[in-house]
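Participant: sequence and predicted structure below; questions after.
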Amino acid sequence: MTDKLSAAFSKILSRGVLTEKDIDEAMREIRIALLEADVSLPVVKDFIAQVKEQALGEKVVRSIQPGQMVVKIVHDELVKLLGSDESALNFNAVPPVVILMVGLQGSGKTTTSAKIANKIKNKKKVLLASLDVYRPAAQEQLAQLGAQIGVDCLPIVEGEKPAEITKRALKAGKNGGYDVVILDTAGRLHIDETLMNEVVEVKKISNPTEVLLVADSLIGQDACNVAKEFNEKVGITGIVLTRIDGSSRAGAALSMRMISKAPIKFLGTGEKIDEIEEFHPDRLAGRILGQGDVVSLVEKTMEKIDHAEAEKMTNKMLKGKFDLEDMLSQFRQMQKLGSLGSIIGMIPGLSKFKSQIEAAGVGDNLVKKQEAIILSMTVKERRNPDIIKASRKKRIAAGAGVEVSDVNKLLKSYEQMSTMMKKMGKLGGMKAMAAQMMRKNPMGGLPFGGQNRFPF
């Protein structure tokens, strides 16, 4: 969707004056982009009608930068479509507060249940309970995830039905002084009456404050049916979209929100237990339009990066010292932020090159390969890369399971990075370097152009 919308905007951004024909052409391409992204037809029609009405207004036509005005209108309508910023969970009830997780099989309910528990465990005492008695080892999976994050899980009793497990979980939650009980219900490959009746029964027994529909963002056109059925039969209070970091067409987010009217609460951004983030409509709209999401990237960096380690490395750089152990540390710090694709999507101006970067092989696999090469070196070699000659390169390549050419590429990257670090040291660090860039380019634009600004 991002690529298609960027292509549509590029045609109008370069024009000083927009005619009605130009706007019609842009609306046509936006309509195609939304439909190809699996946004349902009724949602697309309403969206295009709203955008076109504003785009043909006098403010846009007479604007100095009409193309930018159209992009802003599309952004604002996307934010409106995605809903208000209501990502906070509702804990306003007598403890234990119940969160009921519903959805189809394979949507990621079990992992998401653990992710949410992990996110709130520092503020709330949480009990996890699996009601999935159908999928092999589903209950064991939740128990293992609970143990991994240090959250209690209701003991498994063989042969118990979902309704009985629910009653036992509520009793255990009350007696154990738990603040929150998360119930992970069973899913099916498709919506059926048995699934719905079971979920409705569990809801009556548990009286949850939150009913979260967990949906795979790759679900496509079926998103509307899933949202509609669960909302009508069970009544959902929020949506959690998983696999938002993949090659998702993003249509699910738009369609499910529009059909159910329930707010999107969380986005699953990866497979790791901490890869979940609260939903902010303006940030997702920015990602969809290729404008990035600097705020989320900064928040993630503040949360994940070891600040003491980063400061130590900065001091070394300023002194002109940078070795392969520092490079390895940088790789590991970067991996904490998530997949390279998700990071690129958050950087303004780079998201449109995401597919080209991945196609060029500059992805997570390359980082892992480079990490393996450095780990195949001795401590002496990492600290003194200059001693790595032909015979050592062969040994390192064999140890990492790569070609000698891969070792050469890594060493070349290191040399380039080391040179850059030394220049930064001479300039007086990052701030001095930024100041010099501002002098050369008073508009403060980033190298990839546009109206992007440094966020600091």
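Facilitator: Now that the structure is in, tell me what you want to look at. Residues are numbered from 1 along each chain as shown.
Participant: identify the residues contacting stretch 386-403?
Facilitator: 369, 372-373, 375-377, 380-381, 404, 406-408, 411 (Cβ atoms under 8 Å, 6 or more residues apart in numbering). Glycine gets a C-beta too; all of them are placed from N, C-alpha and C.
Participant: the same query, at a cut-off of 7 Å, please.
Facilitator: Here stretch 386-403 makes contact (Cβ atoms under 7 Å, 6 or more residues apart in numbering) with 369, 372-373, 376-377, 381, 404, 406-407, 411.
Participant: show me these that map onto helices.
Facilitator: Using DSSP state H, the members of the contacts of stretch 386-403 that fall within helices are 369, 372-373, 381, 404, 406-407, 411.
Participant: quick one: the contacts of stretch 386-403 as TSV, columns for neighbour count, distance to residue 89 and pLDDT too.
Facilitator: Output for the contacts of stretch 386-403, formatted as TSV (neighbours: other Cβ atoms under 10 Å; distance: Cβ to Cβ, whole Å; pLDDT from 0 to 100):
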residue	neighbour count	distance to residue 89	pLDDT
369	16	40	86
372	16	40	91
373	23	44	92
376	17	46	92
377	22	47	93
381	19	50	92
404	14	53	92
406	19	46	90
407	23	49	92
411	17	49	91
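Participant: any low-confidence regions in the stretch 301-450 of the chain?
Facilitator: Along the stretch 301-450 of the chain, segments meeting pLDDT under 70 span 301-320, 334-364, 421-450.
Participant: show me where the stretch 251-400 of the chain has its strands.
Facilitator: 264-268, 276-278 (DSSP state E, counting those that start in this stretch).
Participant: adjacent strands (with direction) for the first one?
Facilitator: Sheet pairing here is set by DSSP bridges, and for strand 264-268 it gives strand 238-242 (parallel), strand 276-278 (antiparallel).
Participant: highest average neighbour count across the ones you listed?
Facilitator: Highest mean neighbour count among these (mean count of other Cβ atoms under 10 Å): strand 238-242, with a mean of 27.
Participant: can you list the residues that contact that one?
Facilitator: With contacts defined as Cβ under 7 Å, 6+ apart, strand 238-242 is touched by 107-108, 112, 210, 212-217, 252-253, 256-257, 260, 262-268.
Participant: now that strand - C-alpha only, CSV.
Facilitator: Provided in CSV are the C-alpha atoms of strand 238-242 (Å, rounded to 0.1, in the frame of the first residue of the first chain):
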residue,chain,number,x,y,z
GLY,A,238,-10.9,-3.8,21.0
ILE,A,239,-8.8,-5.3,18.2
VAL,A,240,-5.2,-6.6,18.2
LEU,A,241,-3.5,-6.9,14.8
THR,A,242,-0.7,-9.4,14.6
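Participant: still on that earlier bit, mind putting the strands of the stretch 251-400 of the chain in JSON lines, distance to residue 394 and mean pLDDT included?
Facilitator: Formatted as JSON lines, those follow (distance: least, Cβ to Cβ, whole Å; pLDDT from 0 to 100):
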{"stretch": "strand 264-268", "distance to residue 394": "43", "mean pLDDT": "87"}
{"stretch": "strand 276-278", "distance to residue 394": "44", "mean pLDDT": "85"}
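Participant: where in the stretch 1-150 of the chain is pLDDT low?
Facilitator: In the predicted model of the stretch 1-150 of the chain, residues 1-3, 11, 13-18, 57-67, 84-87 satisfy pLDDT under 70.
Participant: walking through it, point out its strands one by one.
Facilitator: 97-102, 126-130.
Participant: the shortest one - contacts with which helices or strands?
Facilitator: If contacts are counted by 3 or more Cβ pairs under 7 Å, 6 or more residues apart in numbering; DSSP states H and E, strand 126-130 sits against helix 109-120, helix 138-149, strand 152-153, helix 162-175, strand 180-184.
Participant: give me the angle between it and strand 97-102.
Facilitator: Counting by axes from the mean of the first three to the mean of the last three Cα atoms, to 10 degrees, strand 126-130 lies at 30 degrees to strand 97-102.
Participant: which outside residues touch strand 126-130?
Facilitator: For strand 126-130, the surrounding residues in contact (Cβ under 7 Å, 6+ apart) are 96, 113-114, 117, 120, 138-139, 142, 146, 151-154, 165, 169, 172-173, 176, 178, 180-184.
Participant: among those residues, name the buried ones.
Facilitator: The neighbour count (16 or more other Cβ atoms under 10 Å) marks 96, 113-114, 117, 120, 138-139, 142, 146, 151-154, 165, 169, 172-173, 178, 180-184 as buried among those.
Participant: can I get the contacts of stretch 386-403 in TSV with distance to residue 40?
Facilitator: Listed next are the contacts of stretch 386-403 as TSV, based on distance: Cβ to Cβ, whole Å:
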residue	distance to residue 40
369	41
372	45
373	48
376	51
377	54
381	57
404	53
406	46
407	51
411	52
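Participant: and those, which two are furthest apart?
Facilitator: Farthest apart among these by Cβ to Cβ are 369 and 381. That separation is 17.3 Å.
Participant: quick check: closest non-adjacent residue to residue 100.
Facilitator: Closest residue to residue 100 apart from its sequence neighbours, by Cβ to Cβ, 6 or more residues apart in numbering: residue 208 at 4.1 Å.
Participant: the one you found against residue 97, yeah?
Facilitator: No: using Cβ atoms under 7 Å, residue 208 is not in contact with residue 97; the gap is 8.1 Å.
Participant: burial of residue 30, as a residue count?
Facilitator: Using other Cβ atoms under 10 Å, residue 30 has 22 other residues around it.
Participant: any idea how far residue 282 is from it?
Facilitator: Taking Cβ to Cβ, to the nearest Å as the measure, residue 30 falls 19 Å from residue 282.
Participant: cool, and residue 21?
Facilitator: Noted for residue 21: a distance of 31 Å to residue 282, by Cβ to Cβ.
Participant: out of the helices and strands packed on strand 126-130, nearest to residue 223?
Facilitator: Each of these has some distance to residue 223 by Cβ to Cβ; the shortest is helix 109-120, at 16.0 Å.
Participant: just the angle between that closest one and helix 138-149, please?
Facilitator: Computed with the same axes, to 10 degrees, the direction of helix 109-120 lies at 20 degrees from that of helix 138-149.
Participant: show me what helix 109-120 is in contact with.
Facilitator: 101, 103, 126, 128, 138, 141-142, 145-146, 149, 151, 180, 182, 184, 187, 214, 240, 242, 268, 273-274, 276.
Participant: export it as PDB, just CAs?
Facilitator: The C-alpha coordinates for helix 109-120 follow below in PDB (Å, rounded to 0.1, in the frame of the first residue of the first chain):
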ATOM      1  CA  LYS A 109      -4.100 -15.400  20.400                       C
ATOM      2  CA  THR A 110      -1.900 -17.400  22.700                       C
ATOM      3  CA  THR A 111       1.300 -15.500  22.000                       C
ATOM      4  CA  THR A 112      -0.600 -12.200  22.200                       C
ATOM      5  CA  SER A 113      -2.100 -13.200  25.600                       C
ATOM      6  CA  ALA A 114       1.400 -13.700  26.900                       C
ATOM      7  CA  LYS A 115       2.600 -10.400  25.300                       C
ATOM      8  CA  ILE A 116      -0.100  -8.400  27.000                       C
ATOM      9  CA  ALA A 117       0.600 -10.100  30.300                       C
ATOM     10  CA  ASN A 118       4.300  -9.300  29.900                       C
ATOM     11  CA  LYS A 119       3.500  -5.600  29.100                       C
ATOM     12  CA  ILE A 120       1.300  -5.100  32.200                       C
END
